[in-house]
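Engineer: I would like the atomic coordinates for the input below:
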Amino acid sequence: MRVVLMSDSHDNLPALQRAVDFCNQQQADEVLHAGDLVAPFVSRVLKNLLAPLTIVFGNNDGERNGLRQVFREKIFEPPHEIVLDGRKVLMLHDPILLDALAASKRYDLILHGHIHEIKIVKQPTLIVNPGEVGGWLTGKSTVAVWDTQSDKVEIIKV
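Structural biologist: Down below sits the predicted model:
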C-alpha cells in the first residue's frame with residue numbers, strides 16, 4: 001500500500017493542488033494529513049483527491065467548526081489512531097510526547113507535523129514528519145510516500 005503523508009499546508013492552494021496532483025498521478029491508496037490546513041476553503045482542492053483522506057487538526061486550524069463541516073468524518077482531534085494494511089498508525093500534529101509514544105512500541109508509524117522540518121526516524125517505530133506542503137517557512141513544498149510493505153519512506157518535492 002502506498003500512503004502519502006503530508007502536513008502544514010497553511011492555505012497554500014497552489015502547493016496543495018500540486019500535492020493532490022502528485023497523489024492522483026501516483027495512485028496513492030491513502031492520504032494522511034497531519035494538520036494545519038488552516039481554513040475550510042482548502043476543501044475545494046482536497047475534494048479532488050482520488051484516495052481516501054484522513055486529517056488531524058493542527059494548532060493553526062482556527063476555524064474548526066468550518067473544517068468539521070466540510071471534512072465531516074475525515075477530520076479528527078489528535079492523537080488519532082488508524083490501521084492501514086494491518087499497520088497501526090498514530091497521527092499527531094504537535095510532536096509533544098513523541099519519544100514516549102515511540103518507546104511504547106504500540107505503533108508502526110507515528111506521523112506528525114508542526115515544526116515544518118523533514119524527519120524520518122526508525123527506532124523501531126517509524127516516525128515521519130513530511131515537512132510542509134505550504135512551503136512558507138522552508139521554501140520547499142514536500143510530501144512523503146510510505147510503502148506499508150517495505151516500510152520505506154521517500155520525500156517528494158511537489
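
Engineer: what about Val70, distance to Asp61?
Structural biologist: Note on Val70: its distance to Asp61, by Cβ to Cβ, to the nearest Å, is 12 Å. In short, each C-beta sits where N, CA and C put it, glycine included.

Engineer: More neighbours: which of these two?
Structural biologist: Asp61 (21 against 18; other Cβ atoms under 10 Å).

Engineer: Please report how far the more buried one lies from Gly131.
Structural biologist: Distance of Asp61 to Gly131, computed by Cβ to Cβ: 18 Å.

Engineer: Then Leu97?
Structural biologist: To Gly131, Leu97 is 21 Å away according to Cβ to Cβ.

Engineer: which of the two has more neighbours?
Structural biologist: Taking other Cβ under 10 Å, Leu97 and Gly131 do not tie; Gly131 has more neighbours (27 against 12).

Engineer: wait, that one sits on His116?
Structural biologist: Yes. At 6.5 Å, Gly131 counts as touching His116 under the criterion of Cβ atoms under 8 Å.

Engineer: which residues do these two both contact?
Structural biologist: 8, 138 (Cβ atoms under 8 Å, 6 or more residues apart in numbering).

Engineer: ok, which stretches of the chain are strands?
Structural biologist: For the chain, strands defined by DSSP state E occupy the ranges 2-6, 30-33, 53-56, 75-76, 80-84, 87-91, 109-111, 118-122, 126-130, 142-147, 153-157.
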